[in-house]
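*Asks:* I'll drop the sequence and a predicted model, then ask my questions.
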Amino acid sequence: MSLLRFVAIFSGDECLTPVTSHIYQPLMPSAFASAAWRSVLLLLVASATNGVAFSAEPSRVLSVLRDFDRDQPGPLQPLKHHTWNATTQANAANYSQVEIVLLAAEEQACKLTIGADFPWGNRDEYRALTIGPDYLPPAADALRLRVKVLRGKFTLAVGSPTVYFGHSDVATTTREVSKADGDEWQTIEFSLHHNLRRNFRRARFGEKSPVIYYTRWIQEPLYLYVDKPSAGELLIDQIELLTKGEGQPFPTFTPDQVRPVATIVDFEKETDLQQAFTFFQDPIDFTKPAYAVRPDWLPPKLDRLAVGHTGLHSLRSQQRGTEETCFTGIHAPGNKEANALQLTLKLDHDRLESEVALDFLVYVTLPGNSARFPWQRFQPPELWRSSPLAFTYYLGQQQTKGESYAFYHTRRSLPKGAWTSLVLPGDDFICAYGQGDCANLFQSQSPLKCDGIQAIGFVAPYRQRYGTTTVTIDELSWVQVPSTALPRHTYWQAPPPK
């Protein structure tokens, strides 16, 4: 066993509720045997690899996510589901067991037992173990498990839900391990980029995506799943997060590599606050009085502070992390000389101790298109605008129907409480959605061009829902970074579809 030890990035009891029936089902004839499958089509895609070979670089361990040696020995929750009847729920431990067991002195493992009479019902995949974490670094490319089958056969996969504007739920391809393979420990590996599967449980913007992403869009912790008809006894000894050179660490740029092009806003004037706004990406019903779609889906609170890093004033945005639907935005008309955005900002959170994450979106129209994005059209009704529940703009598909635009995404994690000069190269964004004249940007996964940008938005991801994320922005600027300042992309990007 590696000398690296489990770091408790994710803590708490194992979340062992099963996956709903329509998640991650492979496209096989048996997949459509149940009624649940007649209404939901699951996509099995090679993540748009288009025959491109996987990285040949040797694997390197980024971290050991779990080795179980510091876990308290004893039982964890068995597999079960809230739709089971009371009798089945009460007897869940008769059908499966998950426990931490002692193998030798100071060495433990997780033991998974599934009985032949496990009540699979019309669900083909169940969540068995929380692996963690709920945020992955950009260099994360694969997951490696050390397992041993004591009896029977198991079909395994890893995955979890993704951001709300992404792919609903994503899982890796499955791997089968069997007692027939022998009595020794086996090492199995799951790519976090290639041959991924997804469903359409809450698909909106990502419904017609030509590619599948997971590492950049992970929303909940990594979970280990077992597929029907797994049965027997399985030991899991160590779970490692690997890098293979497909994703890259966040880039750093020296001051001489960043050439200023133009300041977008520095919030030194009171009127600068007018460039900031809030926006909502989910459907809304304007025939009702102003309301929140969910109690915690509220507009971020925006104000201008007499504090700064290079200046005297800043924009402050405060938001409790929710599903990724409630954004802060800043109007940022594009610049053809720039190839990156630079933010002087500080991130805080009242629960997280060290790193705070943000998801960034940029809204674009076609470069060179003189038509401006019709922001006024997306305002709420006049009667809504004085309500604290109302956003400045509503940019769900229902409200933006008929308009031509796309939005691009990137993610960052920054030190808590420290002023940071953050450079976001255009090459590090991927097109997450496009419609109208911009639909081809989405379907061809076209690179971002800064002259088409209309606004930049950001959101505190779901992982930060247990506290308030405070974003303080001193300045937002257009900059130029050299193409030789590699890497310009961080999270793995799929090759453009053919």
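*Replies:* Right, received. Where do you want to start?
*Asks:* who are the neighbours in contact with the most centrally placed residue in the chain?
*Replies:* The centroid of the chain falls nearest to Trp217 when counting by Cα atoms, centre = their mean (1.9 Å). Contact analysis of Trp217 by Cβ atoms under 8 Å, 6 or more residues apart in numbering lists Thr162, Val163, Gly166, His167, Val170, His409, Arg411. Glycine gets a C-beta too; all of them are placed from N, C-alpha and C.
*Asks:* and what of Gln399?
*Replies:* Ile284, Phe378.
*Asks:* Assign a three-state SS to it, would you?
*Replies:* coil (DSSP: H, G, I helix; E, B strand; the rest coil).
*Asks:* Of the contacts of Trp217, which belong to helices?
*Replies:* If you go by DSSP state H, the contacts of Trp217 have nothing in helices.
*Asks:* Including distance to Leu65 and pLDDT, could those residues go into a markdown table?
*Replies:* Shown next, in a markdown table, are the contacts of Trp217 (distance: Cβ to Cβ, whole Å; pLDDT from 0 to 100):
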| residue | distance to Leu65 | pLDDT |
| --- | --- | --- |
| Thr162 | 18 | 93 |
| Val163 | 21 | 92 |
| Gly166 | 22 | 90 |
| His167 | 22 | 89 |
| Val170 | 17 | 95 |
| His409 | 25 | 97 |
| Arg411 | 19 | 95 |
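*Asks:* How is this structure partitioned into domains?
*Replies:* Listed by automatic domain parsing, the domain ranges of the chain are 29-243, 255-480.
*Asks:* Mind jotting down where the helices sit in this protein?
*Replies:* Using DSSP H, helices in the chain cover 86-90, 92-95, 439-443.
*Asks:* ranking these by burial, who's on top?
*Replies:* The highest average neighbour count among the helices of the chain, using mean count of other Cβ atoms under 10 Å, belongs to helix 439-443 at a mean of 19.
*Asks:* Give me the local confidence score for the residue nearest to the centre of the chain.
*Replies:* If you check Trp217, the pLDDT there is 94.
*Asks:* separation between the residue nearest to Asp451 when sequence neighbours are not counted and Val481?
*Replies:* With Cβ to Cβ, 6 or more residues apart in numbering as the criterion, Asp451 has its nearest non-adjacent residue at 3.7 Å, and that residue is Lys336. The gap separating Lys336 from Val481 is 15 Å, by Cβ to Cβ, to the nearest Å.
*Asks:* more neighbours, these two?
*Replies:* Val481 (21 against 13; other Cβ atoms under 10 Å).
*Asks:* Not counting sequence-adjacent ones, nearest residue to the more buried one?
*Replies:* That would be Ala340: by Cβ to Cβ, 6+ apart, it lies 4.9 Å from Val481.
*Asks:* thinking again about what came up before, which one of the domains of the chain lies nearest to Thr490?
*Replies:* Closest of these to Thr490 is domain 29-243, at 3.6 Å (criterion: Cβ to Cβ).
*Asks:* and the residue lying closest to Phe205 once chain neighbours are set aside, how many residues sit next to it?
*Replies:* Nearest residue to Phe205 in three dimensions, chain neighbours excluded: Tyr433, at 4.0 Å (Cβ to Cβ, 6+ apart). For Tyr433, the number of neighbouring residues by other Cβ under 10 Å comes to 25.
*Asks:* per-residue confidence for the residue located most distally from the centre of the chain?
*Replies:* Most distant residue from the mean C-alpha position of the chain: Ala105, 38.4 Å away (Cα atoms, centre = their mean). Residue-level confidence at Ala105 comes out at 78, pLDDT.
*Asks:* Kindly provide the distance from it to Asp69.
*Replies:* 11 Å.
*Asks:* now the stretch 351-498 of the chain, which segments are flagged as low pLDDT?
*Replies:* Within the stretch 351-498 of the chain, the segments meeting pLDDT under 70 span 368-371, 485-488, 498.
*Asks:* now do 90
*Replies:* 351-354, 367-373, 462-463, 465-466, 482-489, 494-498 (pLDDT under 90).
*Asks:* Check the stretch 201-350 of the chain too.
*Replies:* Looking at the stretch 201-350 of the chain by pLDDT under 90, you get 201-203, 250-252, 320-323.
*Asks:* Equivalent analysis for the stretch 51-200 of the chain, please.
*Replies:* Low-confidence segments of the stretch 51-200 of the chain (pLDDT under 90): 51-59, 80-84, 104-106, 121-124, 132-134, 167-168, 181-183, 199.
*Asks:* run the last query once more with 80
*Replies:* Applying pLDDT under 80 to the stretch 51-200 of the chain flags the ranges 51-58, 105.
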